[in-house]
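> This is the structure alone, sequence omitted:
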């Protein structure tokens, strides 16, 4: 994938991507590294793309989150850019959804994001600089049958980001949301052609998105130049969720 470098390229700001071992998270970590950031990526597996510092971390455990940030601080310095991407799904219709299926998704996707933002905000507040990008979903804006837990967690992230924006905006810290729609990933690659065609028929752009589309939005919001954008929800969904 080719791209124009962000205006912060080479400045060496410290970035942390949660859920950065694979998929969109790994692509974000790799792009930020290419843009000149010093990047660490957390995951339960503790793996990361080449050129990115891998750190094992469970965002449902506050001690694990603290240890991960301490490791980044020891290796690179305080986190200046946080991409809160870690998330899970446990999809099923609500009538069949066990309470644990609901609470575990909330704890990872929503409370886990609270944990990492809260930890990152310490140094960002002292430095009077910070870029926080929260990964939501078009599902959080529109809802989706079989995803009550996931949709609730992703909708809650909008409230977190806008509240953080109001609390920390005067300290030079921005907090924005990227809300992807249907994106070409390993998960969508195994879907039947009929299912893909149904998705495409509902998307004004008439195609699925690419991982690079999401990465570009994150790179933009992480940049020093976007200091006057905060509390925004940036849809990357081909128009699917417009008006929501």
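Great, that's in hand. Treat the numbers as computed from the prediction; the structure is a model and nothing was measured.

> Could you list the residues in contact with the helix of greatest length in the chain?
If you go by DSSP state H, the chain has its longest helix at helix 148-168. Where contact means C-beta atoms under 8 Å, 6 or more residues apart in numbering, the residues beyond helix 148-168 that reach it are 84, 87, 89-91, 94, 97, 101-102, 105-106, 108-110, 113-114, 117, 121, 124-125, 130, 132, 134-137, 139-141, 143-144, 173-177, 179, 230-231, 233. All C-beta spots, glycine's among them, are computed from the backbone N, C-alpha and C.

> Just the buried residues from those residues, in ChimeraX please.
Filtering the contacts of helix 148-168 down to the buried ones (16 or more other C-beta atoms under 10 Å) takes a single ChimeraX command:
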select :84,87,89,90,97,101,102,105,106,108,109,110,113,114,117,121,124,130,132,134,135,136,137,139,140,141,173,174,175,176,177,179,230,231,233
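
> From the contacts of helix 148-168, which land in strands?
84, 130, 132, 134-135, 173-177, 179, 233 (DSSP state E).

> Show the pLDDT at residue 25.
As predicted, residue 25 sits at a pLDDT of 97.

> same question, the one 4 residues further on
Listed pLDDT for residue 29 reads 98.

> One more: the one 3 residues further on?
You'll see residue 32 listed with a pLDDT of 98.

> For it, give me its contacts.
15, 17, 39, 81, 83, 219, 222.

> Show the contacting residues for the nearest residue to residue 128 once chain neighbours are set aside.
Of all residues not flanking residue 128 in the chain, residue 172 sits nearest, at 4.4 Å (C-beta to C-beta, 6 or more residues apart in numbering). Going by C-beta under 8 Å, 6+ apart, residue 172 touches 127-130, 227.

> Compare those residues and tell me which is most surrounded.
Ranked by the number of neighbours (other C-beta atoms under 10 Å), the contacts of residue 172 place residue 130 first, at 24 neighbours.

> so what's that one bridging to?
Counting by DSSP bridges, residue 130 forms beta bridges with residue 173.

> ok so, going back, out of the contacts of residue 32, which are inside helices?
219, 222.

> Which of the contacts of residue 32 ranks first by neighbour count?
Of the contacts of residue 32, with other C-beta under 10 Å as the count, residue 17 tops at 35 neighbours.

> chain center to the lowest-mean-pLDDT helix or strand in the chain, what's the gap?
The element with the least model confidence among the helices and strands of the chain, by mean pLDDT, DSSP states H and E, is helix 186-189, at a mean of 76. Remark: helix 186-189 is offset 18 Å from the chain centroid, using C-alpha atoms, centre = their mean, to the nearest Å.

> Which element is encountered next along the chain beyond that helix?
Next helix or strand after helix 186-189 toward the C-terminus (DSSP states H and E): helix 193-202.

> what does that next one contact?
Helix 193-202 is contacted by residues 182, 188, 206-208, 240 when judged by C-beta under 8 Å, 6+ apart.

> again, only this time at 10 Å
Residues from elsewhere that reach helix 193-202, judged by C-beta atoms under 10 Å, 6 or more residues apart in numbering: 181-182, 184, 188-189, 191-192, 206-208, 238-240.

> Where does pLDDT dip in this protein?
1-10 (pLDDT under 70).
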